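**Student:** sequence isn't available, so here's the structure alone:
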């Protein structure tokens, strides 16, 4: 177990100040061979975090969330309050955190064709809505066009400014039709899509739809036996995630700012390392069932479970890491969508997160969100399902041989 006693002690404190602590040196894992974590018998065998039982078939990926038209301006810097600056480029692209995550999950070609990637969301009866539905379908996302279009509502709009030097961005969203997706809508759609007795489906939520609709989605998906993932973005303002939310979440995926907001910490820049671990563990104590994965941008991600804390990075052989960063818009969505895709194929959480980091890393080498996600043909071997399994098999053989040798020695 990687969390120190001081980090565990922090969890007993009720004030936000309890999360401010000294940095914690966490072990990196994802880029190493599966043969270098010793087990209790002294052999080198990797411990995998699993959220899908052996024998279950490939599952569906269902994204419930926002579908937006992105209006994006590139500028030499992000404007300060009250400042007007000249941009260098303007584009209109498909977006919305829900749409982005669905596009990422479908684009990379990981999800089984028989299961598929499905989107539950709403757009207006306007040109933007028509174009967005067509774009999702072009990625291979399954979406009911008749149910998804609403009269009297405008399609959600996201106004984005991108710093063309650093790739950082600011975003303002006008939800429009996204907020017209009701509790009854999601319960009905999920009930139609889920529930295969021998299949482990994955359902992903964000917070760009009405909170009550997002909560209903998590609860319905849980009742139907799906793996549930919540990406709490944007972080709640004026309301909080309570026990009902946490009890329905298998995997929670905040970034550092969202993690601090969920834990009531206002100065997130002062909370790093051990403090972040403590915050993540406090969310597990509130009821998150499997893991909290904190996305860390170029530093990868951190998986925190009740028993372990693991630093994750993209596979070292990912060729994209040698290219310059162009645009970070949609990278977090690339991670969430691709993670769901890998989990739907039964990939262990730690390995799935590493490969999802690789997909996100690949996406930031191009401008845009959905258009930056790699296609199946562009995926390197290190990001394909099955890559590296030979190392796990070898680890199992080493462990088995070691146990057999120890048993023979004791009986001699």
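**Tutor:** Nice, I can see it. Computed from a predicted structure; not experimentally measured.
**Student:** show me the shaky parts of the stretch 101-250 of the chain.
**Tutor:** Within the stretch 101-250 of the chain, the stretches with pLDDT under 70 are 196-198.
**Student:** mind listing the helices for the chain?
**Tutor:** Taking DSSP state H as the test, the helices found in the chain are 5-10, 97-107, 127-139, 145-148, 183-193, 211-223, 243-246, 256-262, 274-285, 331-344, 349-363, 389-411.
**Student:** give me whichever of those is most buried.
**Tutor:** helix 97-107 (a mean of 32; mean count of other C-beta atoms under 10 Å). For the C-beta atoms, the positions are set from N, CA and C on the backbone; glycine is no exception.
**Student:** so which elements touch it?
**Tutor:** strand 61-64, strand 117-120, helix 127-139, strand 141-142, helix 331-344 (3 or more C-beta pairs under 8 Å, 6 or more residues apart in numbering; DSSP states H and E).
**Student:** go again using 6 Å as the cut-off
**Tutor:** If you count contacts as 3 or more C-beta pairs under 6 Å, 6 or more residues apart in numbering; DSSP states H and E, helix 97-107 packs onto strand 61-64, strand 117-120, helix 127-139, helix 331-344.
**Student:** show residues contacting it.
**Tutor:** 61, 63, 65-67, 117, 119, 121, 139-141, 204, 206, 208, 330, 333-334, 336-338, 340-341, 369-370, 373, 375 (C-beta atoms under 6 Å, 6 or more residues apart in numbering).
**Student:** ok now that helix, how far from the chain's centre?
**Tutor:** Taking the mean C-alpha point of helix 97-107 and that of its whole chain, the gap between them comes to 11 Å (C-alpha atoms, centre = their mean, to the nearest Å).
**Student:** now stretch 145-165
**Tutor:** The answer for stretch 145-165 is 21 Å, by C-alpha atoms, centre = their mean.
**Student:** now do stretch 256-268
**Tutor:** 18 Å.
**Student:** now do stretch 363-372
**Tutor:** Worked out by C-alpha atoms, centre = their mean, stretch 363-372 lies 17 Å from the chain centre.
**Student:** end-to-end on it?
**Tutor:** 5 Å (C-alpha to C-alpha, to the nearest Å).
**Student:** just send the helices and strands packed on helix 97-107 back as a markdown table, with distance to residue 90 too.
**Tutor:** Shown next, in a markdown table, are the helices and strands packed on helix 97-107 (distance: least, C-beta to C-beta, whole Å):
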| stretch | distance to residue 90 |
| --- | --- |
| strand 61-64 | 28 |
| strand 117-120 | 27 |
| helix 127-139 | 16 |
| helix 331-344 | 21 |
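**Student:** tell me which of these lies nearest to residue 242.
**Tutor:** strand 61-64 (19.4 Å; C-beta to C-beta).
**Student:** what helices or strands is the closest one leaning on?
**Tutor:** So strand 61-64, by 3+ C-beta pairs under 6 Å, 6+ apart, packs with helix 97-107, strand 117-120, strand 202-205, helix 331-344.
**Student:** tell me the mean pLDDT over that strand?
**Tutor:** Here strand 61-64 scores 98 as its mean pLDDT.
**Student:** in its sheet, which strands sit next to it, and in what direction?
**Tutor:** strand 117-120 (parallel), strand 202-205 (parallel) (DSSP bridges).
**Student:** can you list the buried residues in it?
**Tutor:** Going by neighbour count (16 or more other C-beta atoms under 10 Å), the buried part of strand 61-64 is 61, 62, 63, 64.
**Student:** then stretch 297-317?
**Tutor:** 300-305, 308-315.
**Student:** now, which of those lie within strands?
**Tutor:** 301, 302, 303, 304, 309, 310, 311, 312 (DSSP state E).
**Student:** state the number of residues packed around residue 319.
**Tutor:** 11 (other C-beta atoms under 10 Å).
**Student:** just say which of the strands paired with strand 61-64 is most tucked in.
**Tutor:** strand 202-205 comes out most buried of the strands paired with strand 61-64 by mean count of other C-beta under 10 Å, with a mean of 30.
**Student:** what lies in contact with it?
**Tutor:** Residues contacting strand 202-205 (C-beta under 6 Å, 6+ apart): 59, 61-64, 101, 214, 217-218, 221, 226-230, 340, 343-344.
**Student:** can you check stretch 73-84 too?
**Tutor:** Against stretch 73-84 from outside (C-beta under 6 Å, 6+ apart): 85, 87, 88, 89, 90, 161, 162, 163, 164, 170.
**Student:** rewinding a little: okay if I get the strands paired with strand 61-64 as CSV plus distance to residue 181?
**Tutor:** As requested, these are exported to CSV (distance: least, C-beta to C-beta, whole Å):
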stretch, distance to residue 181
strand 117-120, 7
strand 202-205, 11
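**Student:** done for today, thanks.
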